[in-house]
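Trainee: just need the structure, nothing else, for what follows:
(one chain, ligands or ions: 1)
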Amino acid sequence: MERRYVILEDGTVFDGVPYGADREAQSEIVFTTAMTGYLEAITDPSYEGQMLVFASPTIANYSLSAGKMESERARVSGVITRDAHSVLGAGKPGDEFEEFLERNGVPGVDLVDTRALVRHIREKGAMKAVISDSKEFHGQWVDTMSLDLVGRVCRDREEATMGSGRLKCLYIDVGSKFSLREQMARRFTLHTVNYDHDFSAIDIDDYDLLFISNGPGDPAHQSLRPVVNFVQSCIGRVPTFGVCLGHQIIAQAYGASTRKMKFGHRGSNHAVTDGRRSIVTTHNHGYAVDPDTLKGTGLKVLQWDVNDGTVEAMEDRARNVYSVQYHPEASPGPHDASAFFDSLIERVGD
Ligand SMILES: NC(=O)CC[C@H](N)C(=O)O
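Mentor: Sure thing, here's the model as predicted:
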């Protein structure tokens, strides 16, 4: 049987069998522990510049059509699985998945010892990796997190107006999942603009709220600086909200900073707490706000991760700013945090 290899930057090699696109890929390697939502995951723009290991041993055991696309196409650079039914067969679901990956130019490696691979990433941290049909890699390692990943996801997205809510929201798309945008469009009328929009042409007083979406890559990437500066100019003038990358951009707009996590949080069973009540949430982030840099900014931590204390929600009540690191839209995952969206209506008030 043909072999395909996952070669890590530290020289470790895992092997499996090839499926999906017949091509090599190089990017950062991360894992998700989510047991459902494989279509949502591989099309989530937040994964641009990353190859994704599924810790859950069985993927493609239900039809792709049961899932929802989170962007125009697959965003992961590669997929690494224990059993995606590329060999062990599952009929239609497995074939659909393989065809989807082929159509999207995404190589897969199946029958990999994903338990060992996930433990290795947990112990050594997220790192660069290559998917290749050869056991050795002599090429140049590229740090995909230093690329303009938001630009890659958003370049084909046009400015648009959507939704029918009474309140008007300026929605800054820095790689938004479709489901997040849908949740906002159900409640507000969105004017969606990309991260490279000419913000000098925008009068924020024309809007009832500002929202910054999720997205890929390093929140401190220089391509996002104009967004950070614009958000900074809006604080105190309009209620300002954000999710995941949006949360990290808001922190930077206050002069706080973000840091790279060892291997990030990616899955749909991450508990966050406010010290009294805990909820289970969906996470997909490799960076986090550094709580020490929030001191004196006016931003207060509202919720944190029960396992490692990572900042998961913060607010500046006085200037009506509120953001979460987790994904209240889930997709996939639990809906414990879905009240987030209606709470924005209350926070905007009249
Ligand atoms: N889902 C997101 O918005 C991810 C935010 C950022 N790219 C991170 O990895 O932390």
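Trainee: from here on, just use CA atoms for contacts and neighbour counts.
Mentor: Noted.
Trainee: partners of the strand or helix carrying K262, with directions?
Mentor: Using DSSP states H and E, the element containing K262 is strand 258-273. Within its sheet, strand 258-273 is paired with strand 278-289 (antiparallel), strand 300-305 (antiparallel), according to DSSP bridges.
Trainee: buried set for that strand?
Mentor: 258, 263-273 (16 or more other Cα atoms under 10 Å).
Trainee: so which of the strands paired with strand 258-273 comes closest to the ligand?
Mentor: For the ligand, the closest of these is strand 278-289, at 3.5 Å, according to Cα to the nearest ligand atom.
Trainee: now the buried residues of strand 258-273 in a markdown table, with pLDDT?
Mentor: As requested, the buried residues of strand 258-273 are exported to a markdown table (pLDDT from 0 to 100):
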| residue | pLDDT |
| --- | --- |
| T258 | 98 |
| F263 | 98 |
| G264 | 98 |
| H265 | 98 |
| R266 | 98 |
| G267 | 98 |
| S268 | 97 |
| N269 | 97 |
| H270 | 98 |
| A271 | 98 |
| V272 | 98 |
| T273 | 98 |
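Trainee: strands of the stretch 151-300 of the chain, start to end?
Mentor: Along the stretch 151-300 of the chain, counting by DSSP state E, counting those that start in this stretch, strands occupy 160-162, 168-173, 189-194, 209-212, 240-243, 258-273, 278-289, 300-305.
Trainee: mean neighbour count, the strands paired with strand 258-273: which tops it?
Mentor: strand 278-289 (a mean of 23; mean count of other Cα atoms under 10 Å).
Trainee: can I get that strand as CSV, trimmed to CA atoms?
Mentor: Taking Å, rounded to 0.1, in the frame of the first residue of the first chain, the C-alpha atoms of strand 278-289 are listed here in CSV:
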residue,chain,number,x,y,z
SER,A,278,-19.2,27.6,33.9
ILE,A,279,-20.3,27.0,30.3
VAL,A,280,-18.9,24.6,27.7
THR,A,281,-17.8,26.4,24.5
THR,A,282,-16.2,25.9,21.1
HIS,A,283,-12.6,27.1,20.8
ASN,A,284,-10.3,27.5,17.8
HIS,A,285,-7.4,29.7,18.8
GLY,A,286,-3.6,29.5,18.9
TYR,A,287,-3.1,33.0,20.4
ALA,A,288,-4.6,34.6,23.5
VAL,A,289,-4.8,38.0,25.2
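Trainee: that strand and the ligand in contact?
Mentor: Yes. Contact of strand 278-289 with the ligand (Cα under 6 Å from any ligand atom) involves 284-288.
Trainee: C-terminal to the lowest-mean-pLDDT helix or strand in the chain, what's the next element?
Mentor: Across the helices and strands of the chain, the lowest-confidence element by mean pLDDT, DSSP states H and E is helix 92-103, at a mean of 90. Downstream of helix 92-103, the first helix or strand assigned by DSSP H and E is strand 107-110.
Trainee: what strands flank that next one, and is each parallel or antiparallel?
Mentor: With DSSP bridges as the test, strand 107-110 is paired with strand 13-20 (antiparallel), strand 78-80 (parallel).
Trainee: now render these as JSON lines, adding distance to the ligand, mean neighbour count and mean pLDDT.
Mentor: Listed next are those as JSON lines, based on distance: least, Cα to the nearest ligand atom, whole Å; neighbours: other Cα atoms under 10 Å; pLDDT from 0 to 100:
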{"stretch": "strand 13-20", "distance to the ligand": "24", "mean neighbour count": "21", "mean pLDDT": "97"}
{"stretch": "strand 78-80", "distance to the ligand": "17", "mean neighbour count": "28", "mean pLDDT": "98"}
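Trainee: quick one: which of those strands is nearest S146?
Mentor: strand 78-80 (18.4 Å; Cα to Cα).
Trainee: just to revisit the earlier point, and the strands paired with strand 107-110 as TSV, adding distance to P107?
Mentor: Supplementary listing: these in TSV, determined by distance: least, Cα to Cα, whole Å:
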stretch	distance to P107
strand 13-20	5
strand 78-80	5
